[in-house]
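>>> This is a predicted model, with the sequence first.
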Amino acid sequence: QVQLVESGGGTVQAGGSLTLSCTASGPTFSRYVMGWFRQAPGKEREFVGLISRAENTYYTDSVKGRFTISRDNGKSTAYLSMNSLTLEDTAVYYCAARTDISISRRPDLYEYWGQGTQVTVSS
């Protein structure tokens, strides 16, 4: 069983920056595809981005150029660095781990999930 623990959420003014962390338990973190998702009130959970085992990254269009995903396998941690935040980025952010080698943007294909962390962007 893999446990994912997120940290780094909070309130930031529009245009500001925030970095989320997601630390996994267990020795096999490097084998996971790590995804980031978010869910705003009244909306479905949506894909934000992911980092593959080979550290290739993919992003949804709305965050390209503003968000960066990275991973430190030695620390079993994935990061979501967010810049130029807008009000539309306000949501609960989740990290997720996928054990299959292939990448996916579908949340139902990720087996393990963090508890979520609130990101609020204020005007």
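Nice, thanks for sending it over. Numbering: from 1, shown residues only.
>>> what bridges to the residue nearest the centre of the chain?
The chain has W36 as the residue nearest its centroid, 2.5 Å off, counting by CA atoms, centre = their mean. Per DSSP bridges, the residues bridged to W36 are G49, C95.
>>> which residues touch T77?
21-24, 29, 71 (CB atoms under 8 Å, 6 or more residues apart in numbering). Where C-beta positions appear, they are placed from N, C-alpha and C, glycine not excepted.
>>> Let me know the helix or strand that the nearest residue to L87 once chain neighbours are set aside is in.
Excluding its sequence neighbours, the residue lying closest to L87 (CB to CB, 6 or more residues apart in numbering) is V121, at 5.3 Å. Remark: V121 resides in strand 117-122, with elements defined by DSSP states H and E.
>>> low pLDDT regions in this structure?
For the chain, no stretch is flagged by pLDDT under 70.
>>> looking at the contacts of T77, which has the most residues close by?
Most neighbours among the contacts of T77, by other CB atoms under 10 Å: C22, with 28 neighbours.
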